[in-house]
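Enquirer: predicted coordinates and the sequence they were generated for:
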Amino acid sequence: MVEEYVLNLSFNELFGIALAVIAAVITLYVAMVYKLLSKTLRDEARSEAEKVMLKLGAKTLIYIGYVYWEDYVISREETYLKIAIDVTEDAYNDFAKYLEESEYEYLICKLKNNLAYYYAARGRLEDGAKARQYAEYILDKSPKFDSSFKADIIDTYRYVQRRFPKSQLDIYLKKPFLEKFLRKLLRP
């Protein structure tokens, strides 16, 4: 019965059915491509939003840390220095370390510059290695930055070297009984 009906269809009717099937296949294909593209764009948008949030979080905490640093400079209240260090460490541990270093190099260097300087100001022996590591890291990156930031980097590097001379740190690491003597030397 169906075969008789199909045989009785005109060319135009058969052509219309073929076009309808082709249109349905094309529609299905377009829907699949749309779904795939929208998922890809959604994933890219989410990724970009995450980068922006990490960058903004790091910047915000760097600025907050700097405000506490300024309070420390004015008041010489150790609590402000501790908070400046804690907040700036949080900027790195919670945000900056998840950013692409090549893309956010300036921000990461700014953060490490501040931490190196804060550690040197605090003057704890246990901060010496990190302060020197950060100071050397940013000094290596300094040719890429503008002259005002280069000046800050050089200032930090010199300050860290003065507060934590390598020879003294080496002595401390090899002979812990000299800690008391070195703590006196490192007092601001």
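Expert: Sure thing, it's come through.
Enquirer: and the one helix or strand Thr79 maps to, average pLDDT?
Expert: Here Thr79 sits within helix 78-90, counting by DSSP states H and E. Averaging pLDDT along helix 78-90 yields 94.
Enquirer: quick one: list the elements packing against it.
Expert: Under the contact criterion of 3 or more CB pairs under 8 Å, 6 or more residues apart in numbering; DSSP states H and E, helix 78-90 touches helix 11-75, helix 105-122. (Glycine included, C-beta is placed from N, CA and C.)
Enquirer: can you count the residues close to Lys82?
Expert: 14 (other CB atoms under 10 Å).
Enquirer: go on, Val73?
Expert: 12.
Enquirer: where does it land on pLDDT?
Expert: 94.
Enquirer: before we move on, the earlier item: which stretch in the helices and strands packed on helix 78-90 is the model least sure about?
Expert: helix 11-75 (a mean of 81).
Enquirer: could you check the angle that one makes with helix 105-122?
Expert: Here helix 11-75 runs at an angle of 20 degrees relative to helix 105-122 (axes from the mean of the first three to the mean of the last three CA atoms, to 10 degrees).
Enquirer: can you pull the contacts of the nearest residue to Tyr104 once chain neighbours are set aside?
Expert: Nearest non-adjacent residue to Tyr104, counting by CB to CB, 6 or more residues apart in numbering: Lys55, 6.4 Å away. Lys55 makes contact with 95, 99, 104, 107 under the criterion CB atoms under 8 Å, 6 or more residues apart in numbering.
Enquirer: helix/strand/coil for the residue nearest to the spatial centre of the chain?
Expert: Of all residues in the chain, the one closest to the mean position by CA atoms, centre = their mean is Ala96, 2.5 Å from it. The local conformation at Ala96, judged by DSSP: H, G, I helix; E, B strand; the rest coil, is helix.
Enquirer: how close does it get to Thr79?
Expert: In this view, Ala96 and Thr79 are 24 Å apart by CB to CB, to the nearest Å.
Enquirer: next: Tyr119.
Expert: 16 Å.
Enquirer: ok, Ile62 next?
Expert: 19 Å.
Enquirer: okay, Leu111 and Ala91: tell me how far apart.
Expert: Leu111 is 6 Å from Ala91, by CB to CB.
Enquirer: anything in contact with each of these two?
Expert: By CB under 8 Å, 6+ apart, the residues touching both Leu111 and Ala91 are 58, 62.
Enquirer: and the one helix or strand Ala129 maps to with helix 78-90, angle?
Expert: Take DSSP H and E as the rule and Ala129 turns out to sit in helix 125-141. Orientation of helix 125-141 against helix 78-90 (the same axes, to 10 degrees) gives an angle of 50 degrees.
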